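# attaching a predicted model along with its sequence, questions to come.
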Amino acid sequence: MSVVTRFAPSPTGLLHIGGVRTALFSWLYARHCGGKFILRIEDTDQDRSTDQAVRVIIEGMTWLGLTPDEGPYFQTQRFDRYRSVLAELLAAGKAYYCYCTKAELDAMREAQLAAKQKPRYDGRCRERLEPRAGVAPVIRFKNPLAGEVVVQDQVHGRVTFQNSELDDLIIARSDGSPTYNFCVVVDDMDMGISHVIRGDDHLNNTPRQINMLLALNAPVPAYAHVPMILGTDGAKLSKRHGAVSVLQYQEEGYLPDALLNYLVRLGWSHGDQEIFSREQMIAAFDIKDVNKAASAFNPDKLQWLNQQHMMRTPVAMLATELRSQLARIGLHSDDQSLLEGVVNAQRERAKTLQEMAKNSQFFFQDFDQYDDKAARKHLTAEVVPLLQAVGEGLAAAEDWNA
RNA sequence: GCUCCCGUCGUCUAGAGGCCUAGGACACGGCCCUCUCAAGGCUGUAACACGAGUUCGAAUCUCGUCGGGAGCGCCA
């Protein structure tokens, strides 16, 4: 069987490391199996989706080298397809119009909650054949009433849900637009997804999706629900604890491979190995080895790994990175030998490229004041060995700037 | 409230009944190397949530308790 995975973020918030880790696992698994990796943007909620978020997803993945083999696809561009599947389901009697009003639904929910029951739609419109005047209907999927759904999960094992716990979910809003759970099913089916790898917050909607797949006579893919990433405090990832745009790590001077290396070790391991190159990751990764428990984000280890990767990256490559990092703080240099000198002196002392740039900025500032070519040359020859001998010279740099 | 998931050092993890006196890594402490800071080497502190049961033997299997998380939307 050929492996097809996908990463399907919704552009409602900025892509952060939690999403990146999920994308990484999908990408790795596809690469490991010689399969295909698809990027799909789930933007059916047009009110909350932003272009900015879409941009961060694409830029972030490009920066990290998690390039899709197909896509990005946008769900908003597939509405015609959803509509025709909706019609199919309706015609087959596997879905129906529901004329309940929001007030009615709210009342139902409140009553159920008051009776300490799980709030669910009771299916009262299954038998309502006549439209109600003045009510724009939604479309609901007719979920099986009895029996159970077994999810064979690659990381959790066998998870069983009773159909009696599920209700008839809305698959199209009253304005006709399809909803998330339905679009996912149609897309996964159309795109031939063989392995659905996603956050374990989705484990609960999996039985519904399987039921819909079954109703559409589509094959059921393998599922792998990977654990979430928590903030440093062990609580859910929040703005204060790492839920920042993935591009911030680029700004802060982390190497893509270092970030990926850090992320892959969250919930996955391969013996005692800590440091992985991209190729090693691909060779060693298997979705079946992923852990079940959530893990907390640890900035110290990320920094350590970044330094380890810097020590292993060719000098010329790091010099290029250093140059763009310097540009961020308004310093420009094309002097390759100077840049490489700084890299040589700093790669074992700085944890990030940003730190490297800051530690050596005095160096480039002074340097720029010399426009005499010979003087520049002289200064370079002088100062590079100095830097190497003296080490990071951070304290010196601070004095210098004071 | 109901359903589902999860629970090994502070953190990331190894561990699929005896190899566990629970191993590795980050962080932290000590020592070595060293003109400084790093890097590197050696070393120390530190965990099987709790309670029953199965077994000659349990971190590993079963049940319960506690704790945490997710879902229960015309959000994704």
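Looks like it came in fine.
# which helix or strand contains A:Glu274?
Per DSSP states H and E, A:Glu274 falls between elements, in no helix or strand.
# out of everything not next to it in sequence, what's closest to it?
A:Arg265 (6.9 Å; Cβ to Cβ, 6 or more residues apart in numbering). (Each C-beta comes from the backbone N, C-alpha and C, glycine too.)
# and for that neighbour, the neighbour number?
A:Arg265 is flanked by 19 other residues according to other Cβ atoms under 10 Å.
# could you check the pLDDT of it?
Looking at A:Arg265, its pLDDT reads 97.
# my read: it touches A:Asp272, true?
No. Using Cβ atoms under 8 Å, A:Arg265 is not in contact with A:Asp272; the gap is 11.3 Å.
# touching RNA strand B at all, stretch A:256-268?
Yes. Judged by Cβ under 7 Å from any atom of the strand, stretch A:256-268 comes into contact with RNA strand B at A:Arg265, A:Leu266, A:Gly267, A:Trp268.
# just the element for the nearest residue to A:Ala172 once chain neighbours are set aside, please.
Once flanking residues are discounted, A:Ala172 sits nearest to A:Ile139: 3.9 Å by Cβ to Cβ, 6+ apart. In this assignment (DSSP H and E), A:Ile139 forms part of strand A:138-141.
# need the CA coordinates for that strand. CSV is fine.
Provided in CSV are the C-alpha atoms of strand A:138-141 (Å, rounded to 0.1, in the frame of the first residue of the first chain):
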residue,chain,number,x,y,z
VAL,A,138,-29.0,22.6,8.2
ILE,A,139,-28.0,19.1,6.9
ARG,A,140,-27.2,16.4,9.4
PHE,A,141,-25.5,13.1,8.9
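# show residues contacting the helix or strand following that strand.
Using DSSP H and E, the helix or strand that directly follows strand A:138-141 along the chain is strand A:148-153. Identification of contacts with strand A:148-153 by Cβ atoms under 8 Å, 6 or more residues apart in numbering yields A:158-163, A:166, A:203, A:206-207, A:210-211, A:222-225.
# ok, now with 10 Å
A:143, A:157-166, A:196, A:200, A:203, A:206-211, A:214, A:220, A:222-225, A:292 (Cβ atoms under 10 Å, 6 or more residues apart in numbering).
# could you measure from A:Ile197 over to A:Ala293?
Distance, A:Ile197 to A:Ala293, by Cβ to Cβ, to the nearest Å: 17 Å.
# just to revisit the earlier point, if any of the contacts of strand A:148-153 are buried, give me the ChimeraX selection for them.
Of the contacts of strand A:148-153, the buried ones can be selected in ChimeraX as follows, counting by 16 or more other Cβ atoms under 10 Å:
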select /A:143,159,161,163,166,196,200,203,206,207,208,209,210,211,220,222,223,224,225
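# and the contacts of strand A:148-153 near RNA strand B, which?
Okay, of the contacts of strand A:148-153 touching RNA strand B (Cβ under 7 Å from any atom of the strand), that's A:Gly157, A:Val159, A:Thr160, A:Phe161, A:Gln162, A:Glu165, A:Asp200, A:Leu203, A:Lys292.
# any idea which of the residues of stretch A:256-268 next to RNA strand B is closest to A:Asp187?
A:Gly267 (25.4 Å; Cβ to Cβ).
# wouldn't that closest one be in contact with A:Leu230 here?
No. Using Cβ atoms under 10 Å as the test, A:Gly267 is too far from A:Leu230 to be in contact (11.0 Å).
# hang on, the earlier thing: which of the contacts of strand A:148-153 fall within strands?
Among the contacts of strand A:148-153, the members falling in strands (DSSP state E) are A:Gly157, A:Arg158, A:Val159, A:Thr160, A:Phe161, A:Gln162, A:Val196, A:Ala222, A:Tyr223, A:Ala224, A:His225.
# how about the last one, what does it touch?
It stands for A:His225. A:His225 touches A:22, A:151, A:153-156, A:159, A:196-204, A:206, A:290, A:292, counting by Cβ under 10 Å, 6+ apart.
# point out where chain A drops to low pLDDT.
Counting by pLDDT under 70, chain A has low-confidence residues at A:1, A:238-243, A:365-402.
# next, the contact list for the residue nearest to A:Arg132 when sequence neighbours are not counted, please.
Computed as Cβ to Cβ, 6+ apart, the closest residue to A:Arg132 that is not its neighbour in sequence is A:Tyr99, at 4.1 Å. Residues in contact with A:Tyr99 (Cβ under 10 Å, 6+ apart) are A:124-125, A:128, A:130-138, A:174.
# element containing A:Tyr97, please.
strand A:95-98.
# just the buried positions in the strand holding A:Ile139, please.
Those would be A:Val138, A:Ile139, A:Arg140, A:Phe141, for strand A:138-141 by 16+ other Cβ under 10 Å.
# of these, which is the nearest to RNA strand B?
A:Val138 (4.8 Å; Cβ to the nearest atom of the strand).
# what's opposite the closest one in the beta bridge?
Here A:Val138 sits in beta bridges with A:Cys98, going by DSSP bridges.
# doesn't A:Tyr97 make contact with it?
Yes. With contact defined as Cβ under 10 Å, A:Val138 reaches A:Tyr97; the gap is 7.5 Å.
# any shared contact partners between these two?
A:Cys125, A:Ala172, A:Ser174.
# what's the closest non-adjacent residue to A:Leu89?
A:Ala95 (3.9 Å).
# correct me, but the one you found touches A:Pro178?
No. Using Cβ under 10 Å as the test, A:Ala95 is too far from A:Pro178 to be in contact (11.3 Å).
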